[in-house]
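J.: okay, predicted coordinates and the sequence, questions at the end:
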Amino acid sequence: MSGYDYFGARYYFSSFSHWLTVDPLADKYPQISPYAYCAWNPISRIDPDGRRVVGHSADDVETFVQDIGYILKDPKFDGYRGLIRQEGNRIGKISRQDYKTWKAGAELSADEECCVDLLTAIINALQTCTIEYLENDLCAMSIQADEYLSGNSPIFSSVQGILPYYGGAITGGVDIMSAYSVIAKTGESVTNIRAVNSMHEVLGHGYAFIRGFSNGANQVQALRVENLVRRLLELSANDGSTHPHPNGADLNQLPKIK
């Protein structure tokens, strides 16, 4: 008997609240102490054996739904928001008939109509768009996100620790199959920034991946979605100066839905 507690991957000295050995996957998270537990966030994450930091995916979906509600907060969208139902770690399909009925009675601008059409399209898509939120852009993403992005998107050959360089959000995907977005939360005082990032990544890059857009069209789609959301929130447009996109693209056109 060692007198220490064993949790399957490393020993814990309960008298001093210390791990006695480093996390066996510490090299995956260079920005976090190798002796840390759950990336310093034991309230919303678990780490049963030192080999995985698991986010509560239902919480991620709840955050995304909150961002939808923030963008579509006008009372005219009350009926549409009622069609969005969280079912555990996913959003339930929206009935085409219910959506058609609601839309027939709503007075929408071109921007508003495009936004709800795009949201409905991605919610009802056959492919999977996974969303993961981090407390800030220095937190380590889950092993699942790291492996997905590293394995499926060549520009993200090593993704841990790079989120700050991508404005706190990144998305990778497999054309016409799936997409994975990682987005940093930014606090209540700047909820609009998180909401913009959420839609840029999920409705922009994510939708473009599962619909098989070319790389250039993918970049343009994300910027057009972002500027659509910015118009709805009465924010200044993104001119694309810090985001790759083909020269000459009109970033203020409505994004494509196909």
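T.: Yes, it's here. This structure is a prediction, so every number in the text was calculated from the model and none was measured.

J.: what residue ranges in this structure score low on pLDDT?
T.: 1-56, 153-162, 187-190 (pLDDT under 70).

J.: spit out the contact partners of the nearest residue to Ser95 once chain neighbours are set aside.
T.: Of all residues not flanking Ser95 in the chain, Leu83 sits nearest, at 7.3 Å (Cβ to Cβ, 6 or more residues apart in numbering). (Each C-beta comes from the backbone N, C-alpha and C, glycine too.) Residues counted as contacts of Leu83 (Cβ atoms under 8 Å, 6 or more residues apart in numbering) are Ile94, Ser95, Asp98, Tyr99, Trp102.

J.: turn the residues you listed into JSON lines, columns for distance to Gln219.
T.: Shown next, in JSON lines, are the contacts of Leu83 (distance: Cβ to Cβ, whole Å):
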{"residue": "Ile94", "distance to Gln219": "28"}
{"residue": "Ser95", "distance to Gln219": "33"}
{"residue": "Asp98", "distance to Gln219": "34"}
{"residue": "Tyr99", "distance to Gln219": "29"}
{"residue": "Trp102", "distance to Gln219": "32"}
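
J.: which of these fall within helices?
T.: Taking DSSP state H, the ones among these that sit in helices are Asp98, Tyr99, Trp102.

J.: just the buried residues of the residues you listed.
T.: Tyr99, Trp102 (16 or more other Cβ atoms under 10 Å).

J.: turn the ones in helices among the contacts of Leu83 into a markdown table, including distance to Arg90.
T.: A markdown table is the format used below for the ones in helices among the contacts of Leu83 (distance: Cβ to Cβ, whole Å):
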| residue | distance to Arg90 |
| --- | --- |
| Asp98 | 18 |
| Tyr99 | 18 |
| Trp102 | 21 |
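
J.: closest to Glu201 among the ones in helices among the contacts of Leu83?
T.: Nearest to Glu201 among the ones in helices among the contacts of Leu83 is Tyr99, at 23.3 Å by Cβ to Cβ.

J.: quick check: closest non-adjacent residue to the closest one.
T.: Distances taken as Cβ to Cβ, 6+ apart put Thr120 closest to Tyr99, at 5.7 Å, once the chain neighbours are dropped.

J.: the one you found: helix or strand, and which one exactly?
T.: helix 110-123 (DSSP states H and E).

J.: still on that earlier bit, where's the residue nearest to Ser95 relative to Asn124, distance?
T.: Using Cβ to Cβ, to the nearest Å, one obtains 11 Å as the distance from Leu83 to Asn124.
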